[in-house]
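[1] model the structure of this input:
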Amino acid sequence: PAYHSKFTDEDYDAPFGIAILPIKTDAEGEDIIDEALTYFRANIYFQNFEIKSNADRTLIFLTVLIQKCLNLLHPAGEDEKEARKIMSAFCKDPIPSMTSSRFFMKYVTSTSTGKADDLAKYFKELRKALVERLLGILFNPEWGTMDHKFWIQFYKRKFLKFDWK
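    Next up, the predicted model:
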């Protein structure tokens, strides 16, 4: 079975059925981004994913986001400066629309627009934090290029057949 988030529904706000979880700002503890990075290489192989909590929807969003980042980073190879330039441009792109994205159409539990702006802002914060941590993993000078190769190999793979659109 796929790896699920350890965060529970009782602890966090979940507009549209997607958990708004805290993003850590220091090295203490684990957050949803850490979970997504830890579980990515196992979860990417799954064609089905049973949702057990609202945090799982956030985990799915992050897994699709990681795959998109790897897809964008693949042409840069091991050039860290080019990779950072690509990711900087990606972070300026808009978040996919709730009405046009297959992810949102499948996993969003409400069509109310009341908290749509809050959710879009949260997703932008998630994307920025995830990109920084992913680049830190891919271009860690202590690890050399070995870990980079193990991550980039997943650039063509689709999680649950989703594209970032």
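[2] other residues contacting the helix or strand hosting residue 40?
    Applying DSSP states H and E as the criterion places residue 40 in helix 32-43. Applying CB atoms under 8 Å, 6 or more residues apart in numbering, the contact partners of helix 32-43 are 2-3, 5-7, 19, 21, 23-24, 49, 55, 58-59, 62-63, 65-66, 126, 129-130, 133-134, 137, 150-151, 154, 159. (Each C-beta comes from the backbone N, C-alpha and C, glycine too.)
[3] which of the residues in it are buried?
    32-33, 35-37, 39-40, 43 (16 or more other CB atoms under 10 Å).
[4] and if you look at stretch 3-11?
    3-5, 7.
[5] circling back to that earlier point, quick check: the two most widely separated of the buried residues of helix 32-43?
    Greatest spacing in the buried residues of helix 32-43, by CB to CB: 33 and 43 (14.0 Å).
[6] thinking again about what came up before, could I get the buried residues of stretch 3-11 in a markdown table, plus columns for distance to residue 117, secondary structure and pLDDT?
    Output for these, formatted as a markdown table (distance: CB to CB, whole Å; DSSP: H, G, I helix; E, B strand; the rest coil; pLDDT from 0 to 100):
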| residue | distance to residue 117 | secondary structure | pLDDT |
| --- | --- | --- | --- |
| 3 | 31 | coil | 82 |
| 4 | 28 | coil | 86 |
| 5 | 24 | coil | 86 |
| 7 | 23 | coil | 84 |
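[7] pick out the residue closest to the middle of this structure.
    residue 62 (1.8 Å; CA atoms, centre = their mean).
[8] check what pLDDT that residue gets.
    pLDDT recorded at residue 62 is 91.
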